[in-house]
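Chemist: I need the structure of the sequence given here:
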Amino acid sequence: MTIARRVSILGPAILWLLLVALMIQDWVVDPYNPGLRSTAVYGHNQDGALFQGMLWSTLELAALYGILRPWSFRASWGRALLALLLLLPWTAVSAMAVMHAGGVFVLHALWLLVVSCSLIALALASGLQALFDAKDAAA
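Modeler: Presented below is the predicted three-dimensional model:
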């Protein structure tokens, strides 16, 4: 197995593990504080934020692997485009929801932004690869 193949298979999971570590670190530094009221809660983690962030990101990672199937990915630009089209609205909703959210949800929104940018790059790269392969086959 080549290094590129290992990165394509393990990359999202490693990125997710980094996200989880950052979420835990943020929760330790800024845990839920039931004593905060009104606008004082802005920018602080809410009750259950760590669990919610980890749950949502786990489901997103599973969907990403289910759609992309990196172990059989061969210039499948359609898979990357489908994953991007499904993830972009969720990314937009999450980005709007972080206005007054704590660090765990901000990290979740950044995770979605990084995944979306990666999917754009993957769709472009695999689309170009498919185009070059078609030109080579025709020649």
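
Chemist: distance check, Ala138 against Leu131.
Modeler: For Ala138, the distance to Leu131 equals 11 Å [Cβ to Cβ, to the nearest Å]. Glycine gets a C-beta too; all of them are placed from N, C-alpha and C.

Chemist: how far away from the center of its chain is the longest helix seen in the chain?
Modeler: Longest helix in the chain, counting residues (DSSP state H): helix 103-138. In terms of Cα atoms, centre = their mean, to the nearest Å, the centre of helix 103-138 is found 12 Å from the chain centre.

Chemist: now for it, which elements pack on it?
Modeler: helix 3-29, helix 49-68, helix 77-97 (3 or more Cβ pairs under 8 Å, 6 or more residues apart in numbering; DSSP states H and E).

Chemist: more neighbours: which of Ala138 and Leu131?
Modeler: Leu131 (12 against 6; other Cβ atoms under 10 Å).

Chemist: separation between that one and Ala137?
Modeler: Leu131 is 11 Å from Ala137, where distance means Cβ to Cβ.

Chemist: same check, this time on Ala109
Modeler: The separation that Ala109 has from Ala137, given Cβ to Cβ, amounts to 42 Å.

Chemist: could the helices and strands packed on helix 103-138 go into TSV alongside mean neighbour count, distance to Arg37 and mean pLDDT?
Modeler: Listed next are those as TSV, based on neighbours: other Cβ atoms under 10 Å; distance: least, Cβ to Cβ, whole Å; pLDDT from 0 to 100:
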stretch	mean neighbour count	distance to Arg37	mean pLDDT
helix 3-29	14	21	91
helix 49-68	17	17	95
helix 77-97	16	21	94
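
Chemist: dump those helices to a markdown table, plus distance to Val104.
Modeler: Below are the helices and strands packed on helix 103-138 laid out as a markdown table (distance: least, Cβ to Cβ, whole Å):
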| stretch | distance to Val104 |
| --- | --- |
| helix 3-29 | 5 |
| helix 49-68 | 4 |
| helix 77-97 | 12 |
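
Chemist: of the ones you listed, which is nearest Val41?
Modeler: Of all the helices and strands packed on helix 103-138, helix 49-68 sits nearest to Val41, with 11.2 Å by Cβ to Cβ.
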